[in-house]
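K.L.:
Any chance you could fold what I've pasted below:
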Amino acid sequence: MSVNIKGVSSDEAFITQLETRGLSLIVDEPIDKGGKDTAMTPMELIGAALSSCTIITLQMYFNHKGWSYQSVEVDVDFDYTTLPTTFQRVVRVKGEFDEKQRGRIDKIANACPVHKLLEKGHTIETIVQVV
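P.N.:
Numbering: from 1, shown residues only. Got it, this is the predicted structure:
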């Protein structure tokens, strides 16, 4: 599946407008980095992607299996100044599950597409156009 994100700078330092599929999102930097602190930073979006993808993947699985649950919460912490980066993810599922189901929850959390992408090596191809 292909993803296309368009980013455009604004008149305000570091505030960036992102668009995809007719949806938009603003990204910013904290005040101590020269931004206005109005939105998540690019690095925070990486953690947000892992958290939300894990939640959605578990919800899809639970709904497919007909498993009852009250909520799914996922906290993600990481320090991107160290390499390789270790993402610490805490998954909390509120509901009643037997041992077999509990074992599946871990496997399904690790099956989220963002988790799989972050685990792999990557290549970034860049084309610079000065217009």
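K.L.:
in this protein, which helix has the most residues?
P.N.:
helix 42-65 (DSSP state H).
K.L.:
in it, what counts as buried?
P.N.:
Residues 46-47, 49-51, 53-55, 57-58, 61-62 are the ones in helix 42-65 that count as buried (16 or more other C-beta atoms under 10 Å). C-betas here are computed from N, CA, C, even on glycine.
K.L.:
Next: stretch 109-116.
P.N.:
So for stretch 109-116, counting by 16+ other C-beta under 10 Å, buried means 109, 112, 114-115.
K.L.:
what ranges do the strands span in the chain?
P.N.:
6-9, 16-20, 23-27, 71-77, 88-94 (DSSP state E).
K.L.:
Quick one: distance of stretch 66-80 to the chain centre.
P.N.:
Its chain's average C-alpha position is 11 Å from that of stretch 66-80, according to C-alpha atoms, centre = their mean, to the nearest Å.
K.L.:
and if you look at stretch 84-94?
P.N.:
With C-alpha atoms, centre = their mean, you get 11 Å for stretch 84-94.
K.L.:
avg pLDDT for that stretch?
P.N.:
Mean per-residue pLDDT for stretch 84-94: 95.
K.L.:
Tell me which residues are up against that stretch.
P.N.:
With contact meaning C-beta atoms under 8 Å, 6 or more residues apart in numbering, stretch 84-94 is reached by 47, 50-51, 54, 58, 69-79, 105-106, 109, 118.
K.L.:
Okay, buried residues for that stretch please.
P.N.:
87, 89, 91, 93.
K.L.:
show me where pLDDT drops low in the protein?
P.N.:
Residue ranges of the chain with pLDDT under 70: none are present.
K.L.:
List the single closest residue to the residue most central in space within it in space, sequence neighbours excluded.
P.N.:
Residue closest to the average C-alpha location in the chain (C-alpha atoms, centre = their mean): residue 49, at 0.8 Å. Distances taken as C-beta to C-beta, 6 or more residues apart in numbering place residue 114 nearest to residue 49, at 4.9 Å, with adjacent residues excluded.
K.L.:
distance of the one you found from residue 101?
P.N.:
23 Å (C-beta to C-beta, to the nearest Å).
K.L.:
Also residue 93?
P.N.:
Taken as C-beta to C-beta, the span from residue 93 to residue 101 is 10 Å.
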